[in-house]
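Participant: structure of the sequence below:
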Amino acid sequence: MSMSVPIPSLDDRTFDDLVGEAVTLLPTLAPEWTNHNPSDPGITLIELLAYFTEILVYRLGRVTPASQLQFLKLLGGPKWEGLTPDSKIEFLKLLMGTGWEGWKTITENCPADLGKEIDCAVIQASPGHLDKAIKYVVGELTRNECAVTTEDFERFAREAARQYSGYSLAVRTQAVPSINLETARTTIAPPSDRAHVSVVVVPNGNVSDDEAENLRKKIKDDLTNRCLLTTRVHVVAPVYLNVAIRVKLAAKPGQSKGELSKGLGDILKQRFGSEPGQGPSGEGWPFGRALRISELIEAIDDTAGVDYVEDTAILQISTREEDLPLPEFALGVQIGVRSTVGVDTLLGGSRILGPDRLLCNAEGRLVSVLLKPWELLRMNLAEEYIVSGNERPNEAPNE
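Facilitator: Sure thing, here's the model as predicted:
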């Protein structure tokens, strides 16, 4: 972010303006002075004073690099603590211009004191580089530092995560207003409370549970200092909707079930995973985006070794992977009707997950599985649920 910082015009009067102003005041201040011709010694004195006044006016509008440094420090702090480390580096880069690459090479193995480096660079910077750097740093210092909107909470959470990790860890964030996800992660309709804001944090990369917990505490401390007094902030781990599926397909010649299982697992993780490089746009599965059955069939059909897909059925859904085998999380169970789960019954599902999870078409066939705004997707495919050709489907455990 940058903004234009115009040079202050504290007084724009010229030599002629000053002389003309002085002469117009003579009848009032010195009525006995009647000769205002240029040859009059008094007029010469006025012109001399106007000449020096114009010089002072010009100097008044000039700000030296040393003065600019002090003015900026009134905003950025004695050690530029008002700027984030990333902003300090960008500020220094703009000040140094072509000398940046050399400085970067020298300091790669010996971290520099950025505050002192900026002080020196301000003094030595060319006028052009200094002007660009000032515009940048003023823009950075005028950024909003108070978390009010959901975008504010998400941005500050990402910045806090990077600071905590030494700027090596990026995270995905999703702020959900009016909900406390620490106590209502699996309820059908979490109660709305405007005092609460929940921020879901998904680290990009391999992070241990302890590291993830410490990261969330760090982010919560940072957000608590930025939000309004009555706001209650909750920073939570991602909530996954686990979906177990069965696939009936025609395999290409020579494909074993083990090879199909690995290929299907890889492509499902690539298409529906939450890590960078995964998901429909390569940025991870979007929070709250519904799973369309057509997308699932398309992904399976694109798997190496698959000739075509005959049928795809969703067997269970749950927000806890360990709950998937439980009967209450199976789809399609109807009391008093003999049915095969996911095959000839399309209604049902756990009441814990809510009645609005399954979206069916006019014929009653399942077309989408809906996610809550704070949920991500996790696909589960067991090898025993891959049916090839005329092979008989495995019976579901809860029939």
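Participant: neighbours around Arg172, how many?
Facilitator: Residues within reach of Arg172, counting by other C-beta atoms under 10 Å, total 23. Using the backbone N, CA and C atoms, a C-beta is placed for each residue, glycine as well.
Participant: that one sits in which helix or strand?
Facilitator: Per DSSP states H and E: Arg172 is located in strand 171-177.
Participant: quick check, central residue of this structure?
Facilitator: Closest to where the C-alpha atoms of the chain average out (C-alpha atoms, centre = their mean) is Arg155, at 4.8 Å.
Participant: just say helix, strand or coil for it.
Facilitator: helix (DSSP: H, G, I helix; E, B strand; the rest coil).
Participant: swap in Val243?
Facilitator: At Val243 the chain is in strand, as set by three-state DSSP.
Participant: my guess is it meets Glu321, correct?
Facilitator: No - Val243 lies out of contact with Glu321 (C-beta atoms under 8 Å); the separation is 10.3 Å.
Participant: which residues do those two both contact?
Facilitator: Residues within reach of Val243 and of Glu321 at once, by C-beta atoms under 8 Å, 6 or more residues apart in numbering, are 378, 380.
Participant: neighbour-wise, which of those two wins?
Facilitator: Using other C-beta under 10 Å, the more surrounded residue of Val243 and Glu321 is Val243, with 23 against 12.
Participant: who are the neighbours in contact with that one?
Facilitator: Here Val243 is in contact with 291, 314, 316-317, 369, 377-380 (criterion: C-beta under 8 Å, 6+ apart).
Participant: how much space between it and Gln270?
Facilitator: The gap separating Val243 from Gln270 is 16 Å, by C-beta to C-beta, to the nearest Å.
Participant: which single one of the contacts of Val243 is nearest to Pro41?
Facilitator: Nearest to Pro41, judged by C-beta to C-beta, of those is Leu377 at 91.7 Å.
Participant: for the helix or strand containing that closest one, what is the distance to the chain centroid?
Facilitator: Element membership for Leu377, per DSSP H and E: strand 375-380. Here strand 375-380 is found 21 Å from its chain centre; the criterion is C-alpha atoms, centre = their mean, to the nearest Å.
Participant: quick one: low-confidence ranges for the stretch 201-350 of the chain?
Facilitator: Judged by pLDDT under 70, the stretch 201-350 of the chain has its weakly predicted residues at 332-350.
Participant: can you pull out the helices in it?
Facilitator: Using DSSP state H, counting those that start in this stretch, the helices of the stretch 201-350 of the chain run over residues 209-226, 257-272, 293-301.
Participant: could those go into CSV alongside distance to Lys104 and mean neighbour count?
Facilitator: CSV is the format used below for these (distance: least, C-beta to C-beta, whole Å; neighbours: other C-beta atoms under 10 Å):
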stretch, distance to Lys104, mean neighbour count
helix 209-226, 28, 16
helix 257-272, 36, 17
helix 293-301, 43, 17
